[in-house]
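A.B. asks: just the structure for this:
(2 chains)
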Amino acid sequence: MARMKFLCDAERCIECNGCVTACKNENEVPWGVNRRRVVTLNDGVPGERSISVACMHCSDAPCMAVCPVDCFYKTEDGVVLHDKDLCIGCGYCFYACPFGAPQFPQAGAFGLRGKMDKCTFCSGGPEKDGSVEEFTKYGSNRLAMGKLPACAEMCSTKALLAGDGDVVADIYRTRVLQRGKGSEVWGWGTAYGPPQGGGGAPAPAPAPAQPTKG
Amino acid sequence: MRARQFFVATLASLAALVLGGCGEGQQVTLYKQGKYQGKPDTKPYDNDAAQAIYTRSTWTKGDRSSWEAALKQRALNQNEYTRTNSGG
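C.D. replies: All right, here's what the predicted structure looks like:
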């Protein structure tokens, strides 16, 4: 297996915020913390695009590099997790993250910053799988139940895909070739070249674009 | 003679200084990854599939490849082209 990844298809995302709600419900995320957000570009302008953003579980995660107490670790499946018992809530990871993934709940009066909280790819943390401690600190551990993250499985338009990077890339490639647009962009071949054996339907031949009238 | 030596030495050091500017220095900061200091985590495939609720995923406890296969099947269900047998 390669690495667990998220992929959001901007052509399909309808900004329903179902992923945000699913995440908050599944993990009982504290008030004021959003592990996942939907970002809209050119909001209100025809042709606006939305994407769902959370921790991207970077292969070379900057949060891991800057953490002064080394509370981050990466699982065999490429999921970036952290130990809240070790976190001191300094916020360095928040400054280092290009996606704004690390979130800090208010802990006590005067805006005191609590332990960092972020997307766990629904795989809990360094506590016994399925335990109350794990759920309280990190949320649901769906990977240990053979499930994918709730946000992706709840996505009504399947804009948000989650799973092994090869499988997700194959699904997206099939989709883009089916819709007949998108594969002409720069870097497509590098990112989504030939199938990696991740599965999915065989890619159909792209249909020639038909001129529309009216 | 002495003035000539001084001139040559000055010229050589000046050339070294000027040529030094042509060098390619490291322009990317290299961060050293820390070593995880927290508690060890359990593997997701070390859990019993029978205890997983509301799922049809099955795997053998402790067998990574069977757990990966179950998760891959789950991921493939995100592809509606195969679910509906339409298109690709």
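
A.B. asks: contacting residues around the closest residue to residue A:18 other than its chain neighbours?
C.D. replies: Nearest residue to residue A:18, sequence neighbours excluded (C-beta to C-beta, 6 or more residues apart in numbering or on different chains): residue A:154, at 5.5 Å. In short, each C-beta sits where N, CA and C put it, glycine included. Neighbouring residues of residue A:154 by C-beta atoms under 8 Å, 6 or more residues apart in numbering or on different chains: A:18, A:19, A:21, A:22.

A.B. asks: farthest-separated two in those residues?
C.D. replies: A:19 and A:21 (7.4 Å; C-beta to C-beta).

A.B. asks: who has more neighbours out of these two?
C.D. replies: Applying other C-beta atoms under 10 Å in any protein chain shown to residue A:19 and residue A:21 shows that residue A:19 carries more neighbours, namely 29 against 14.

A.B. asks: excluding covalently adjacent residues, which one is nearest to the more buried one?
C.D. replies: Going by C-beta to C-beta, 6+ apart, residue A:19 has residue A:151 as its nearest residue, at 3.7 Å.

A.B. asks: A helix includes that neighbour, no?
C.D. replies: Yes - counting by DSSP: H, G, I helix; E, B strand; the rest coil, residue A:151 is found in a helix.

A.B. asks: now do it, the pLDDT please.
C.D. replies: Residue A:151 is assigned a predicted lDDT (pLDDT) of 97.

A.B. asks: does it touch residue A:160 like I think?
C.D. replies: Yes - Residue A:151 is in contact with residue A:160 according to C-beta atoms under 8 Å; the separation is 5.9 Å.

A.B. asks: now the common contact residues for the two.
C.D. replies: A:19, A:52.

A.B. asks: helix/strand/coil for the most centrally placed residue in chain B?
C.D. replies: When C-alpha atoms, centre = their mean is applied to chain B, the residue found nearest the centroid is residue B:33 (11.1 Å). Assigned by three-state DSSP, the conformation of residue B:33 is coil.

A.B. asks: wait, it touches residue A:64, no?
C.D. replies: Yes - the pair residue B:33 / residue A:64 is scored as a contact, 6.0 Å apart, by C-beta under 8 Å.

A.B. asks: give the rounded mean pLDDT of the longest helix seen in chain B.
C.D. replies: Ranked by number of residues, the top helix in chain B under DSSP state H is helix B:2-20. Mean per-residue pLDDT for helix B:2-20: 90.

A.B. asks: list the buried ones in it?
C.D. replies: Within helix B:2-20, no residue is scored as buried using 16 or more other C-beta atoms under 10 Å in any protein chain shown.

A.B. asks: if we can go back for a sec, output the contacts of residue A:154 as a markdown table; include the columns secondary structure.
C.D. replies: As requested, the contacts of residue A:154 are exported to a markdown table (three-state DSSP):
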| residue | secondary structure |
| --- | --- |
| A:18 | helix |
| A:19 | helix |
| A:21 | helix |
| A:22 | helix |
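
A.B. asks: other SSEs contacting the helix or strand following the longest helix of chain B?
C.D. replies: Sequence-wise, the next helix or strand downstream of helix B:2-20 (DSSP states H and E) is helix B:64-76. Packed against helix B:64-76 by the contact rule (3 or more C-beta pairs under 8 Å, 6 or more residues apart in numbering or on different chains; DSSP states H and E) you find strand A:160-164, helix A:165-179.

A.B. asks: cutoff 10 Å now
C.D. replies: Applying 3 or more C-beta pairs under 10 Å, 6 or more residues apart in numbering or on different chains; DSSP states H and E, one finds that helix B:64-76 makes contact with helix A:150-154, strand A:160-164, helix A:165-179.

A.B. asks: who touches both of residue A:19 and residue A:21?
C.D. replies: Listed as contacting both residue A:19 and residue A:21 by C-beta atoms under 10 Å, 6 or more residues apart in numbering or on different chains are A:36, A:150, A:151, A:154.

A.B. asks: follow-up on the earlier one: out of the helices and strands packed on helix B:64-76, deepest packed?
C.D. replies: strand A:160-164 (a mean of 26; mean count of other C-beta atoms under 10 Å in any protein chain shown).

A.B. asks: now do the shared contacts for residue B:33 and residue A:64.
C.D. replies: A:70, A:72, A:74.

A.B. asks: for stretch A:13-32, C-alpha coordinates in CSV please.
C.D. replies: Taking Å, rounded to 0.1, in the frame of the first residue of the first chain, the C-alpha atoms of stretch A:13-32 are listed here in CSV:
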residue,chain,number,x,y,z
CYS,A,13,-17.8,20.0,-4.7
ILE,A,14,-21.1,21.9,-4.2
GLU,A,15,-20.0,23.6,-0.9
CYS,A,16,-22.6,21.7,1.1
ASN,A,17,-20.3,21.4,4.1
GLY,A,18,-21.5,17.9,4.6
CYS,A,19,-17.8,16.8,5.1
VAL,A,20,-17.4,19.4,7.8
THR,A,21,-20.5,18.3,9.6
ALA,A,22,-19.7,14.6,9.3
CYS,A,23,-16.2,15.2,10.8
LYS,A,24,-17.5,17.2,13.7
ASN,A,25,-20.2,14.6,14.4
GLU,A,26,-18.0,11.6,14.0
ASN,A,27,-15.2,12.9,16.2
GLU,A,28,-17.2,15.1,18.5
VAL,A,29,-14.8,17.9,17.8
PRO,A,30,-14.8,20.7,20.5
TRP,A,31,-16.6,24.0,19.8
GLY,A,32,-14.4,26.4,17.9
